[in-house]
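coordinates for the following, if possible.
(one chain, ligands or ions: 2)
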Amino acid sequence: MMLTFIKLGGSLITDKREPSSFHRQIIYQVAQEIAQVRRTQPEWRWLIGHGSGSFGHFVAKKYGTIDGVVTAEQWQGFAEVSVMARRLNHLVIETLSEFRLPIFSVQPSASTLCENGQIIHMQTVPIVTALKHRLIPVVYGDVAVDARLGGTIISTEKIFAYLAKELKPQRIFLLGEVAGIYDRTGKIIEKITPDNFDAIAPELGGSDGTDVTGGMADKVAKMLALIQELPDLEVRIFSGKVVGQIEATLLAYKTPGTLISRK
Ligand SMILES: Nc1ncnc2c1ncn2[C@@H]1O[C@H](COP(=O)(O)OP(=O)(O)OP(=O)(O)O)[C@@H](O)[C@H]1O
Ligand SMILES: C=C(C)CCOP(=O)(O)O
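Residues are numbered from 1 along each chain as shown. Ligands and ions are numbered 1, 2, ... in the order given. Below you'll find the model as predicted:
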């Protein structure tokens, strides 16, 4: 059974240079394309994640939440980040639901425990049950309690990596504002594998906007580590802005952007 994880990047659904900006139109387009594929492939399963974009990252940066939460002021910041992350989630799920997608919103911070920034536990029974009944769980970049740091930030990629080990999706699509991963001449790199990663690493930077989770460099590092454990997994990074491209890629008519794979 085909299971696809799709991340709607914060760079796609918000403007990471402008606090609390929301690109509703993009969610409409993505929802329409997923709904279309669901009609032709009713057996396929989906898990959607979304980044925090211009909602969580600004506040998280102000309080340095990802590096740990100790003082009362930092815990206040932790709470504020969680509210911002939830606020964007609310906008996303309300918009997706308008297309009658059976959305099941999952708040990652409610059931996740980290240790030194790594997720060591997340409750997955509700997600597995939802998938069994053809619902579409929606997770998002969030705060999390941490046994060593007090609290931290968990990116959507971190959540995907944890869930992928249990749910074994065939594909992870990371949609952003960029067409894929560019080399220094501005050309899209078609494929990144463990063999060519060292040569490509210097091309990978942080985000152009406000960001605390490491931008493109961290995204690629996390996904490369994941495919070492799940060798059949296909990870693709491409633009969510091109009308029709998500649908065409889901149906394998197109192979846009950058593929991250074992070979
Ligand atoms: N070589 C590169 N090719 C393409 N984009 C790059 C590259 N190096 C750095 N970037 C930046 O990384 C960004 C993608 O990382 P970012 O974390 O902002 O994405 P996102 O997942 O959409 O956001 P969020 O973390 O808010 O969900 C791009 O929009 C671009 O600004
Ligand atoms: C900043 C917060 C709250 C989460 C970051 O998750 P990401 O946007 O997926 O990197």
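
ranges for the helices of the stretch 151-263 of the chain?
Taking DSSP state H, counting those that start in this stretch to define them, one finds helices in the stretch 151-263 of the chain at 156-167, 197-200, 215-229, 245-250.

could you find the closest non-adjacent residue to residue 239?
The shortest distance from residue 239 to any non-neighbouring residue, by CB to CB, 6 or more residues apart in numbering, is to residue 179 (4.6 Å). Quick note: C-beta positions are derived from backbone N, CA and C, even for glycine.

interface residues of this structure facing ligand 1?
On the criterion CB under 6 Å from any ligand atom, ligand 1 has as its neighbours in the chain the residues 9-12, 16, 51-53, 57, 141, 156, 176-178, 181-182, 203-205, 207-209, 211, 213, 215-216, 219.

of those residues, grab the buried ones for ChimeraX.
Buried subset of the residues of the chain next to ligand 1, written as a ChimeraX selection, criterion 16 or more other CB atoms under 10 Å:
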select :9,10,11,12,16,51,52,53,57,141,156,176,177,178,181,182,203,204,207,209,211,213,215,216,219
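
near ligand 2, which of the residues of the chain next to ligand 1 show up?
Of the residues in those, proximity to ligand 2 by CB under 6 Å from any ligand atom holds for 10, 51, 52, 57, 141, 156, 213.

avg pLDDT for the helix ranked longest in the chain?
Under DSSP state H, the helix in the chain containing the largest number of residues is helix 72-97. Regarding helix 72-97, the rounded mean pLDDT is 98.

what element comes up after that helix heading to the C-terminus?
On the C-terminal side of helix 72-97, the closest following helix or strand by DSSP states H and E is strand 103-105.

which helices and strands sit right next to that next one?
Based on contacts counted as 3 or more CB pairs under 8 Å, 6 or more residues apart in numbering; DSSP states H and E, the elements that strand 103-105 packs against are helix 72-97, strand 136-140.

deepest-packed of the ones you listed, please.
For these, average neighbour numbers computed from mean count of other CB atoms under 10 Å are highest in strand 136-140, which has a mean of 25.

contact residues of the stretch 1-150 of the chain facing ligand 2?
If contact is defined as CB under 6 Å from any ligand atom, the residues of the stretch 1-150 of the chain in contact with ligand 2 are 10, 51, 52, 56, 57, 60, 81, 85, 141, 142.

the fourth one contacts residue 89, correct?
Put plainly, it is residue 56. No - contact status for residue 56 versus residue 89: not in contact, 9.8 Å apart, counting by CB atoms under 8 Å.

residue ranges with poor pLDDT in the stretch 51-200 of the chain?
Flagging of the stretch 51-200 of the chain using pLDDT under 70 yields an empty set of residue ranges.

residue of it with the smallest distance to ligand 2?
The stretch 51-200 of the chain approaches ligand 2 most closely through residue 141 (1.9 Å), counting by CB to the nearest ligand atom.

need the contact list for that residue.
With contacts taken as CB atoms under 8 Å, 6 or more residues apart in numbering, residue 141 has the following neighbours: 10, 49-52, 56, 85, 108, 153-156, 159, 213.

out of those, which one sits closest to residue 230?
Within the set of the contacts of residue 141, residue 159 lies nearest residue 230; the separation is 15.3 Å, counting by CB to CB.

what's the first-to-last distance across stretch 171-182?
Terminal residues of stretch 171-182 are spaced 21 Å apart (CA to CA, to the nearest Å).

now do the phi/psi pair for the residue nearest to residue 239.
For residue 179, the backbone dihedrals (degrees, to the nearest 10) come out as phi -70, psi -10.

please enumerate the helices of the stretch 1-150 of the chain.
Counting by DSSP H, counting those that start in this stretch, the stretch 1-150 of the chain has helices at residues 10-13, 24-40, 53-63, 72-97, 125-132.
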